[in-house]
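Colleague: sequence and predicted structure are below.
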Amino acid sequence: MQDLILERTAKTPQVEFMALERKLTLAGRSIPENSIQFYGPLLEWVQLFCPGAEGRVEVHVKLEYFNTSSSKCLMDMLKRVEASKCDAEVYWYFEEDDEDMEEAGEDYAAIIQLPFKLVETSEAH
């Protein structure tokens, strides 16, 4: 399966969905004009990749900020990983003083039935 790589912009995160490494990474800001349009290809990629993934799949979320529509798309993506029954683990990164991102990670962890690790960092992603 082809990797999905998108460069970060001022409004969209860097995307590195690496099939061979079984590593899905989102990093930066997620405030696209049209979240459904931006996240559509990501959701399709996850839908195709995760059910057949062999071995542990790591999902790394290193967002410094995301808007409400991105939040829904992110939830949809995590739910697709969860529904695929692949062996996945989510790593949710937040800066040490960013209580909002920490709480967002806790909220996702409470909803998504996947192993979830909150990772405190000292710098922006």
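Modeller: Everything's here; your move. Numbers count the residues shown, from 1 in each chain.
Colleague: helix/strand/coil for residue 91?
Modeller: Classification of residue 91 using DSSP: H, G, I helix; E, B strand; the rest coil returns strand.
Colleague: my guess is it meets residue 61, correct?
Modeller: Yes: the pair residue 91 and residue 61 passes the contact test of CB atoms under 8 Å, sitting 7.0 Å apart. Where you see a C-beta, it was placed from the backbone N, CA and C, and this is true even at glycine.
Colleague: any idea what residue 16 is bridged to?
Modeller: Bridge pairing for residue 16 (DSSP bridges) gives the partners residue 5, residue 25.
Colleague: next up, the contacts around residue 98.
Modeller: By CB atoms under 8 Å, 6 or more residues apart in numbering, the contact set of residue 98 is residue 64.
Colleague: returning to what we had before: more neighbours: residue 91 and residue 61, which one.
Modeller: Per other CB atoms under 10 Å, whichever of residue 91 and residue 61 has more neighbours is residue 61, with 26 against 17.
Colleague: my read: the more buried one touches residue 30, true?
Modeller: No: contact criterion CB under 8 Å: residue 61 and residue 30 do not qualify, at 9.7 Å.
Colleague: average pLDDT for stretch 83-97?
Modeller: Averaging pLDDT along stretch 83-97 yields 95.
Colleague: make 33 the first number, not 1, from now on.
Modeller: Renumbered: residue one is now 33, and that last one reads stretch 115-129.
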